[in-house]
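Engineer: mind looking at a prediction? Sequence and model below.
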There are 2 protein chains.
Amino acid sequence: MSNLTISSSDLFQFTKSIFIKIGCSDVDATLATNVLIQADLRGIDSHGVARLTGYIRLYESGRINIKPNIAIVREKASIFALNGDSGLGLVVAPRAMEIAIEKTHLHGSGFGAVKNSNHFGIAAYHAMMALEHNFIGMSMTNASPLVAPTNSKERMLGTNPMCYAIPAGKYPPFILDMATSAAANGKLEIAERLGKPIPQGWVETNEGQDTTNPHDLKAGGNLLPLGSDKELGSHKGYGLGALVDILSGVLPGANFGPWVPPFVSFLPVLPNLPGQGLGHFLGAMDISGFDEPAEFTKRMELWIERFKTATPKNADQPVIIHGEPEYNLQQERALSGIPLVEKVATDLKTLAEKYQLEHPFSSKNIV
Amino acid sequence: MSNLTISSSDLFQFTKSIFIKIGCSDVDATLATNVLIQADLRGIDSHGVARLTGYIRLYESGRINIKPNIAIVREKASIFALNGDSGLGLVVAPRAMEIAIEKTHLHGSGFGAVKNSNHFGIAAYHAMMALEHNFIGMSMTNASPLVAPTNSKERMLGTNPMCYAIPAGKYPPFILDMATSAAANGKLEIAERLGKPIPQGWVETNEGQDTTNPHDLKAGGNLLPLGSDKELGSHKGYGLGALVDILSGVLPGANFGPWVPPFVSFLPVLPNLPGQGLGHFLGAMDISGFDEPAEFTKRMELWIERFKTATPKNADQPVIIHGEPEYNLQQERALSGIPLVEKVATDLKTLAEKYQLEHPFSSKNIV
């Protein structure tokens, strides 16, 4: 089977029906599916339906509560803590963001720390929920340990992404969605598949040595923090990863550091956990509490225009505004469909057989 | 004159008397001096009294309003925008932080965007104001352009630092205070003074070429964003610098990007500015709105203990917790005094003569 392209609506229907099959409510299944499809539309293929099998396996291993009682456990006017009750992060995080947005309508800003959740997909989905209200949104999550802090050769932090979404008037919103490690795991997997060397500064061996071998991560090595080495500022990447871990994990009472439960169901959860599940931190701020929104929009458009026309090193490679390439891809894939690599297509077919659903690659569905 | 060490209280008295001489109120002079001395105590020597002459020159060139009418121009319950009225950033930023803290007491969090300010010294001073309330504090500021975005050879962003301060019970607070460029300007100046090559990844020439020559920055080159090059994630450092610029500059209506006014008084301010002065973004969150503070403290102490004992690459170089080295230096320098390099001591002496004050290095003051 070679690569297939499938319409986002067909992929949506299939994915949603899987979540329904494992017992999700219609609302939750829609929410979870939206998060995954949005990733595929935006070109973050590693975080889209490619992970559906992983979420289902987590469910099958008893680590997902499919009917969670998601509840605020503590709050003040503009902040709150949420217990995700072991629900899908794909469902828990948007719920948290809804509460943050409600608080923002009432008080100008809203920030929530979430415990007892699971992986929440792309950070951008949640932060971007703020945009339709003309709010600034942000989201972060801790994740299972892969990154060694500066000076260490032990996996202590996840790739702990952070995302900020800022409305930009007539331009696509500014979306900074970044792992706090030097390289995202997805890029590494591509190099691994192709057997190509990786740049020095992405990975170290389990003995803490520099390496360009992409297989050294799975052999027990570590991802390096953004900044890669001490001279180039790896303590900053480590610090950002630590910040995400503290706000997402330590603050609400989720697990943190090396105790964050693994996404893959075949790895064991450590004993004597200090918290519950993994954690997120999300929030929103109302632009109209800082200035007339129209004035802000004018300045934001000027900011984008000025940065896009900054003198490039090469005339054919202009400065990129964060979020614009993903926005353009989203428009394109909404029309032309979502390409799936063979492995993902096969995984989805296996899921279809297992759950006795029409698989999504019947000839009528292929674009 | 060789290096001198002077007690922090003598340095405080001298610095404060300079601010009084140029017309600051007693309260403002104390505040501004506190920010500078705190930098020297914490070992951020580049941001302490070493900059006093620079602030005075800005005042002399008419760019500082010494009796500012700092006022909230817009607000909602938990957010606000402040006009610094061209005051010293050393005074405007702590005022903004006081308002953020007041809002946090009332509503759980408080975030403020500030326009029409000037350089605010170390970010850590402002974020750390939250700590005595057992709040989490944060601060960021834009700064005059030195950093080229990924793909560009034009200075578009300042070193745009961000700081997060988090209480940690019996341990020194977690303080992440970082420039979003690969290297801080201070480190570069040391290499320049010694004529030593710098690591590749700190600076590019004005033609956008890699360089290890520390003089290439002053020759019109650029600092590089955290991540240094595309392969190692410079788009992330560029994105973080952009985020700081948008929240600090675009949001409140300060200048942003290449329009941020230079700190040095001999460089011209650009015409047709899109905003007022430079900008900050600061805030606080009440830990007790997320969990019992004692429970948070227990987890935060465990976080620190676990990270400090992460397996090191070299047994004699353990993992460092952000803020601990500066905390230790602060304790030490509070007792043993603050060392000043010859150039700074000479600058202060010149200031003393100019303002007819007893210079701070009379023999009785030298430790």
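Structural biologist: Looks like it came in fine. Residues are numbered from 1 along each chain as shown, chains lettered A, B, ... in the order given.
Engineer: quick one: name the residues of the stretch 251-367 of chain A near chain B.
Structural biologist: Taking CB under 8 Å from any CB of the partner chain as the test, the list of the stretch 251-367 of chain A residues beside chain B reads A:251-253, A:256-258, A:274-275, A:285-291, A:295-296, A:299-300, A:302-303, A:306-307, A:310-314, A:317-320, A:322. The way it works is simple: take the backbone N, C-alpha and C, and place the C-beta from them, glycine included.
Engineer: list only buried entries from these.
Structural biologist: Neighbour-count burial within those applies to A:251-253, A:256-258, A:274-275, A:285-291, A:296, A:299-300, A:302-303, A:306-307, A:310-313, A:318-320, A:322; the criterion is 16 or more other CB atoms under 10 Å in any protein chain shown.
Engineer: so which of those residues belong to strands?
Structural biologist: A:285-286 (DSSP state E).
Engineer: quickly find the element holding A:Gly208.
Structural biologist: Secondary structure assigned from DSSP states H and E places A:Gly208 in neither a helix nor a strand.
Engineer: over to A:Lys196?
Structural biologist: In this structure, A:Lys196 sits in neither a helix nor a strand according to DSSP H and E.
Engineer: neighbours of it, just the number please.
Structural biologist: A:Lys196 is flanked by 10 other residues according to other CB atoms under 10 Å in any protein chain shown.
Engineer: quick one: it from B:Ser144, how far?
Structural biologist: Here the distance between A:Lys196 and B:Ser144 works out to 41 Å (CB to CB, to the nearest Å).
Engineer: could you do A:Gly112 as well?
Structural biologist: Between A:Gly112 and B:Ser144 the computed distance is 36 Å (CB to CB).
Engineer: which one's more surrounded, those two?
Structural biologist: Regarding A:Gly112 and B:Ser144, a neighbour count based on other CB under 10 Å identifies A:Gly112 as having more, with 28 against 20.
Engineer: and that one, which of the three is it?
Structural biologist: Recorded secondary structure, A:Gly112: strand (DSSP: H, G, I helix; E, B strand; the rest coil).
Engineer: likewise for A:Glu75?
Structural biologist: Here A:Glu75 takes the strand state, with states given by three-state DSSP.
Engineer: which residues sit in contact with A:Thr53?
Structural biologist: By CB atoms under 8 Å, 6 or more residues apart in numbering or on different chains, the contact set of A:Thr53 is A:347-348, A:350-351.
Engineer: can you tell me which of the residues you listed are buried?
Structural biologist: The neighbour-count test (16+ other CB under 10 Å) applied to the contacts of A:Thr53 identifies A:347-348, A:351 as buried.
Engineer: narrow these to those in helices?
Structural biologist: A:347-348, A:351 (DSSP state H).
Engineer: sort out which one of these lies nearest chain B for me.
Structural biologist: The closest of those to chain B turns out to be A:Asp347 (CB to the nearest CB; 29.0 Å).
Engineer: confidence score at that closest one?
Structural biologist: Confidence at A:Asp347, expressed as pLDDT, is 94.
Engineer: what does A:Pro271 give?
Structural biologist: Per-residue confidence for A:Pro271 comes out at a pLDDT of 87.
Engineer: likewise for the one 5 residues further on?
Structural biologist: According to the predicted model, the pLDDT of A:Gln276 comes to 98.
Engineer: can you list the domains in chain A?
Structural biologist: Each structural domain of chain A that the record assigns through automatic domain parsing is listed here as a residue range: A:1-60+A:337-367, A:67-179+A:232-294+A:321-330, A:183-223.
Engineer: among these, which is nearest B:Glu231?
Structural biologist: Counting by CB to CB, B:Glu231 lies closest to domain A:183-223 out of the domains of chain A; the figure is 4.3 Å.
Engineer: how distant is that closest one from the center of its chain?
Structural biologist: Distance of domain A:183-223 from its chain centroid, counting by CA atoms, centre = their mean, to the nearest Å, is 21 Å.
Engineer: tell me the mean pLDDT for that domain?
Structural biologist: What domain A:183-223 shows for mean pLDDT is 91.
Engineer: ok, stretch A:245-252 next?
Structural biologist: 98.
Engineer: now the longest helix along chain A: buried residues?
Structural biologist: Here the longest helix in chain A is taken by residue count, with DSSP H as the criterion, and it is helix A:89-107. Within helix A:89-107, the residues that qualify as buried are A:89-101, A:103-104, A:106-107, counting by 16+ other CB under 10 Å.
Engineer: can you tell me the SS state at A:Ser139?
Structural biologist: Three-state secondary structure (criterion: three-state DSSP) places A:Ser139 in strand.
Engineer: partners of it in the sheet?
Structural biologist: The bridge-partner assignment for A:Ser139, based on DSSP bridges, gives A:Cys163, A:Leu282.
Engineer: how about a markdown table for the contacts of A:Thr53, with distance to B:Asp40 added?
Structural biologist: As requested, these are exported to a markdown table (distance: CB to CB, whole Å):
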| residue | distance to B:Asp40 |
| --- | --- |
| A:Asp347 | 59 |
| A:Leu348 | 61 |
| A:Thr350 | 64 |
| A:Leu351 | 62 |
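Engineer: about what we covered before: deepest in the core, which of the domains of chain A is it.
Structural biologist: Mean neighbour count, computed with mean count of other CB atoms under 10 Å in any protein chain shown, is highest for domain A:67-179+A:232-294+A:321-330 among the domains of chain A, reaching a mean of 23.
Engineer: relative to the whole chain's centre, how far out is stretch A:310-319?
Structural biologist: Centre to centre, stretch against its chain (CA atoms, centre = their mean), the figure for stretch A:310-319 is 29 Å.
Engineer: list the helices and strands the longest helix of chain A packs on?
Structural biologist: For helix A:89-107, the helices and strands in contact under the criterion 3 or more CB pairs under 8 Å, 6 or more residues apart in numbering or on different chains; DSSP states H and E are helix A:26-41, strand A:79-83, strand A:109-117, helix A:123-128, strand A:135-141, strand A:278-286.
Engineer: out of these, nearest to A:Ala179?
Structural biologist: Evaluated over the helices and strands packed on helix A:89-107, closeness to A:Ala179 peaks at helix A:123-128, with 9.2 Å, by CB to CB.
Engineer: wait, A:Asp45 touches A:Ala184, no?
Structural biologist: No - with contact taken as CB atoms under 8 Å, A:Asp45 and A:Ala184 are classed as non-touching, separated by 11.4 Å.
Engineer: that older thread, show me the residues of the stretch 251-367 of chain A next to chain B that map onto helices.
Structural biologist: Counting by DSSP H, the members of these that fall within helices are A:295-296, A:299-300, A:302-303, A:306-307.
Engineer: columns pLDDT on top of those residues, output as JSON lines?
Structural biologist: Listed next are those as JSON lines, based on pLDDT from 0 to 100:
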{"residue": "A:Glu295", "pLDDT": "98"}
{"residue": "A:Phe296", "pLDDT": "98"}
{"residue": "A:Arg299", "pLDDT": "98"}
{"residue": "A:Met300", "pLDDT": "98"}
{"residue": "A:Leu302", "pLDDT": "98"}
{"residue": "A:Trp303", "pLDDT": "98"}
{"residue": "A:Arg306", "pLDDT": "98"}
{"residue": "A:Phe307", "pLDDT": "98"}
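Engineer: put the alpha carbons of the helix or strand bottoming out on mean pLDDT in chain A into PDB.
Structural biologist: Within chain A, confidence by mean pLDDT, DSSP states H and E is lowest for helix A:185-194 among all helices and strands, at a mean of 82. What follows is helix A:185-194, C-alpha atoms only, in PDB (Å, rounded to 0.1, in the frame of the first residue of the first chain):
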ATOM      1  CA  ASN A 185      10.500  13.500  18.100                       C
ATOM      2  CA  GLY A 186       8.800  13.500  14.700                       C
ATOM      3  CA  LYS A 187      11.800  14.800  12.900                       C
ATOM      4  CA  LEU A 188      14.000  12.200  14.600                       C
ATOM      5  CA  GLU A 189      11.600   9.400  13.500                       C
ATOM      6  CA  ILE A 190      11.900  10.500   9.900                       C
ATOM      7  CA  ALA A 191      15.700  10.300  10.100                       C
ATOM      8  CA  GLU A 192      15.500   7.000  11.800                       C
ATOM      9  CA  ARG A 193      13.200   5.600   9.000                       C
ATOM     10  CA  LEU A 194      15.600   6.800   6.300                       C
END
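Engineer: no further questions, thank you.
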